[in-house]
Each structure stands twice: as C-alpha cells, then as structure tokens.
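A.B. asks: I would like to see how this sequence folds:
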Amino acid sequence: MSPRQTMKKLIYFTVEDESMLAETFARFEENALAVTYKVSGSDDVFVTTWDTQQIMERYDLPYNQLAEEDPNHVALHHSELSREELGDHEDSLRALALACRAIAMVCVGVNGEIDLGFDLGDGSAQYTYFTAPAGHTFIWRYFTDRDSARDFLERFTAGDKRSLEWAENIYLDSATQLASFH
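C.D. replies: The predicted model follows:
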C-alpha cells in the first residue's frame with residue numbers, strides 16, 4: 001500500500017434524501033470513479049472513499065459525516081487477476097467491505113468460471129462482487145472476524161502458508177472494533 005493511500009479515510013455518512021446521491025453522481029465527470037455503498041443493516045448510513053467524498057464536496061452534495069474508518073482496518077486478499085485489475089481500486093473494495101460490516105475480504109473467483117473452488121454452502125449472504133473497469137466481475141467472500149477468515153482460507157487454499165499468515169495479520173479481531181456511526 002502506498003503512503004498516499006494510508007492517509008485517506010473511509011467515510012460513513014447520511015444524506016437527507018437518498019435520491020440526491022443519484023442526481024449528484026450523474027453530474028460527476030465522465031471519468032470519475034465514485035462509489036458509495038449503503039451499510040448493511042442500516043436505514044440511511046452510507047460508506048464512501050475519501051476520493052468520492054472530495055467529489056461530493058465539489059458538487060455541493062449536502063451530507064452529514066458520521067465517522068471515519070482507517071482503510072488499513074480492512075484487509076484484502078487478492079487473486080493474481082484481481083490484484084492486477086483492481087490494484088488501483090482498493091479503497092473502493094474496502095468501502096464495500098465496510099458496507100458489509102466486514103474487516104476482511106478474500107477474492108474467491110471470477111464470475112463465469114466453471115469451478116470457483118468454493119461452495120456457497122457457507123451461505124451466499126457472505127459473498128459480494130466488484131466489477132473491474134477491465135470488465136471482469138470478481139467474487140469476494142467477506143469476514144466479520146479474523147478466526148473465520150483463517151478457517152476459510154485454511155480450507156480454500158489447502159493450508160497455504162502465505163494465505164494463513166495474511167489471515168493472522170488482519171488488523172482487527174472482529175467487526176465490533178470498526179468505527180461506530182451511531
């Protein structure tokens with residue numbers, strides 16, 4: 001992670017009217033990547049990247065900032081292809097993880113692969129996706145605690161040492177340690 005990325009916070013916020021998001025985002029520059037996700041289990045809380053927040057301010061979108069989260073609190077475990085295609089979009093991936101109230105996400109495959117190497121028997125509610133500008137849609141398994149990430153990776157990677165070390169080094173123990181926005 002570059003030093004530039006470590007200083008940028010992820011932002012929890014509310015808006016008076018959700019339709020203002022769509023209206024304002026439609027006016028953004030054509031090449032602007034702006035992401036905002038509704039936080040799971042909330043009625044009106046969103047999470048966004050620092051870059052998107054800056055654009056929202058340029059376009060005078062009124063919002064109420066509730067809290068900030070350090071992006072280093074959310075761990076990402078890429079596949080080779082996801083690292084290549086999504087390396088410049090890690091803040092967006094981390095915002096997606098926070099919207100799921102997760103502390104870590106593991107790329108488990110690409111949509112359309114015949115054998116993704118995992119079973120949705122864990123419950124499809126623990127999976128999400130992110131489409132890269134290059135067009136691939138990556139499937140991600142998210143985790144609310146370090147132990148479940150380690151257990152999953154032990155099975156998913158057949159005990160790959162580097163993957164297990166990654167899981168052991170997830171910054172937070174559980175999602176209860178994420179910033180509170182209430």
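A.B. asks: make it CA atoms for all contacts and neighbour counts henceforth
C.D. replies: OK.
A.B. asks: Would you map the strands across the protein?
C.D. replies: Along the chain, counting by DSSP state E, strands occupy 10-14, 36-38, 46-48, 64-69, 75-77, 104-110, 127-131, 137-143.
A.B. asks: What pLDDT does the model give the closest residue to Tyr142 other than its chain neighbours?
C.D. replies: Leaving aside its sequence neighbours, Tyr142 sits nearest to Met105 (C-alpha to C-alpha, 6 or more residues apart in numbering; 4.3 Å). Reading off the confidence values, Met105 has pLDDT 98.
A.B. asks: Specify the beta-bridge partners of Met105.
C.D. replies: According to DSSP bridges, the residues that bridge with Met105 are Leu76, Tyr142.
A.B. asks: Pick the most deeply packed of the strands of the chain.
C.D. replies: For these, ranked by mean neighbour count under the definition mean count of other C-alpha atoms under 10 Å, the leader is strand 46-48 at a mean of 26.
A.B. asks: Need the strands of the chain in CSV (columns: distance to Asp151).
C.D. replies: Formatted as CSV, the strands of the chain follow (distance: least, C-alpha to C-alpha, whole Å):
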stretch, distance to Asp151
strand 10-14, 27
strand 36-38, 27
strand 46-48, 28
strand 64-69, 26
strand 75-77, 14
strand 104-110, 12
strand 127-131, 16
strand 137-143, 11
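A.B. asks: okay but Tyr142 is in contact with Tyr129, surely?
C.D. replies: No. Between Tyr142 and Tyr129 there is no contact under C-alpha atoms under 8 Å: 10.1 Å.
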